[in-house]
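Novice: build me a model from this:
(one chain, ligands or ions: 1)
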Amino acid sequence: MRKILMIFMSALFSVSAHAASLINDTETEKVLMELVEPIGSAADVPDGRLKVHIINSDDFNAFVMGGEDIYVYTGLLTQIKSPSALQAVIAHEMGHTIGGHMAQMSSRMEAELKRAMLIQALGVGLMVAGGNPSLGAGVLAGSSGVAQQSMLAFTRDEERIADDMGLKLLVKAKLDPNGFVQVLEQMGEMTSVLESKVNPNRINHPLTSERLNNVKTQIKNIDSDYVASNAPTKKQEEEFKLIQAKLIGYLDSPDRVSSLYPNSDKSDAAIYARAIALMQAGKLEDARVGTQALISKNPGNPYFYELLGDIDYQLGRYDDSVEAYEKSLSLQSGAPQIETALALVLTERNKPGDKARAIELCKRSLLSQPAPLTYWVLARAYEDGRADWARAEYYHMIGDKKNSVKYARLARKNLKKDTPEYIKAGDLIK
Ligand SMILES: [Zn+2]
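Specialist: Predicted coordinates for the structure are as follows:
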């Protein structure tokens, strides 16, 4: 088993090593979605159209494409001080969209950016699913460039308009406008050394201090009876701390994890970050102890069971892993990544009925979030011509046209005509 995954990983890791990748994680996506939804509604984004994408990059950055696709960098997520500050960033970026400042981003650029990024799952630690390797290097090098450029390319006026618009959106959404002050102050601290050397009259990009003053003035003008009734709740703040801990546990070095979350810190977030870091370091039994502690304190949290499922899977305890993932799924609905993880373990365990359940889970997962890894697992679960179709879909998603066509042809040879998979395989040959 390990062997199969190792091959799978090395094939993709060689591509993703240099590449900025998108991260899939049900917990992170759900927490962020809940935070940005009020801003989407305030900006009149139709229900169900808003999407959050997480970019694995240390940059303190975010941008919005087409008014509906929000891209947030892990560097921003892990460093920003509160969910209200994050909402201010997103409102500002929405402001650029509404102000029409993104016009220079052609739709072609947008499509390329989307295609070029590799998708990587947190969870199960070793799940890596591909984007488009052939597009990879070139565009990816450019992909953070695109965002970078767009951020820097805004003029002073555009930044001011985006700030003003962002504040209006926050107020309309009944959120906390002071998040704006908080994030600008944080940005000020991050750039103060640089900015102290800049002559404001010689640059077109506004200084953070200038933006801060403008925002503070605007906030003073908000009605005195304004109540931020939609501001993040205590529960949302706790959830936000947990996703910060999760991202840091997965993405940062063990040293950084122990400096941010020393053993003396007994908060759930700290235990979570340390357990994940231990798992990543292969100290699975220790990781399990921390995870069990989290579960006994929070028996209703689906993501602690997800982590337990990941750890038990890597320990080779398939029965325990299946039980933990099933429990996780019973505590929430719509968790495509956990459905795929469970399906993977089931195809591995392969008791009677496991493959049928794995197929059912993959189908459900694909309905809400098509991902290469899910097709890969589905191909292992099917034992007839549909396996070749699923493999063709997998290669299609990672941009390997040659193998996609090869397996689609194989599928059509072995499948009955007019079955759904036969027809879908036909679409991949065109
Ligand atoms: Zn801006």
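Novice: mind checking which helix or strand the residue positioned nearest the centre of the chain is in?
Specialist: Centrality entry for the chain: nearest residue to the mean C-alpha point is Ile54, 3.3 Å, by CA atoms, centre = their mean. Ile54 is located in strand 51-56, with elements delineated by DSSP states H and E.
Novice: so what does the residue lying closest to Gln79 once chain neighbours are set aside have for phi and psi?
Specialist: With sequence-adjacent residues excluded and distances taken as CB to CB, 6 or more residues apart in numbering, Gln79 is closest to Phe60, at 6.1 Å. Where C-beta positions appear, they are placed from N, C-alpha and C, glycine not excepted. Per-residue torsions, Phe60: phi -90, psi 80 (degrees, to the nearest 10).
Novice: run a quick neighbour tally on Phe60.
Specialist: Number of residues near Phe60 (other CB atoms under 10 Å) recorded here: 18.
Novice: Ile55 contacts Ile70, doesn't it?
Specialist: No: Ile55 is beyond contact range of Ile70, at 10.6 Å (criterion: CB atoms under 8 Å).
Novice: so who does the residue nearest to Gln79 touch?
Specialist: With contact set as CB atoms under 8 Å, 6 or more residues apart in numbering, Phe60 has these partners: 73, 75-76, 79-80, 187, 190.
Novice: which one (most neighbours) among the residues you listed?
Specialist: Within the contacts of Phe60, most neighbours by other CB under 10 Å means Ile80, with 24 neighbours.
Novice: what about that one, distance to the ion?
Specialist: In this view, Ile80 and the ion are 15 Å apart by CB to the ion, to the nearest Å.
Novice: and Lys351, by the same measure?
Specialist: Lys351 sits 54 Å away from the ion, taking CB to the ion as the criterion.
Novice: what is the neighbour count of that residue?
Specialist: When neighbours are counted by other CB under 10 Å, Lys351 registers 11.
Novice: phi first, then psi, for it.
Specialist: phi -80, psi 170.
Novice: distance of it relative to Val322?
Specialist: Remark: distance between Lys351 and Val322 (CB to CB, to the nearest Å) = 9 Å.
Novice: same question, Glu360
Specialist: To Val322, Glu360 is 14 Å away according to CB to CB.
Novice: cool, and Leu247?
Specialist: Taking CB to CB as the measure, Leu247 falls 26 Å from Val322.
Novice: same question, Ala173
Specialist: Ala173 is 41 Å from Val322, by CB to CB.
Novice: so Gln337 sits in a helix?
Specialist: Yes: applying DSSP: H, G, I helix; E, B strand; the rest coil, one finds Gln337 inside a helix.
Novice: give the next helix or strand downstream of the strand or helix carrying Thr217.
Specialist: Applying DSSP H and E as the criterion places Thr217 in helix 208-220. Following helix 208-220 in sequence order, the next helix or strand is helix 234-251 (DSSP H and E).
Novice: just the pLDDT at the residue nearest to Gly75 when sequence neighbours are not counted, thanks.
Specialist: Nearest non-adjacent residue to Gly75, counting by CB to CB, 6+ apart: Asp58, 4.1 Å away. Here the pLDDT value assigned to Asp58 is 85.
Novice: run through the residues that contact Asp58.
Specialist: Contacts of Asp58 (CB under 8 Å, 6+ apart): 73-75.
Novice: same list, those residues, but as JSON lines with pLDDT, distance to the ion and secondary structure please.
Specialist: What follows is those, written out as JSON lines (pLDDT from 0 to 100; distance: CB to the ion, whole Å; DSSP: H, G, I helix; E, B strand; the rest coil):
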{"residue": "Tyr73", "pLDDT": "91", "distance to the ion": "14", "secondary structure": "strand"}
{"residue": "Thr74", "pLDDT": "92", "distance to the ion": "19", "secondary structure": "helix"}
{"residue": "Gly75", "pLDDT": "92", "distance to the ion": "16", "secondary structure": "helix"}
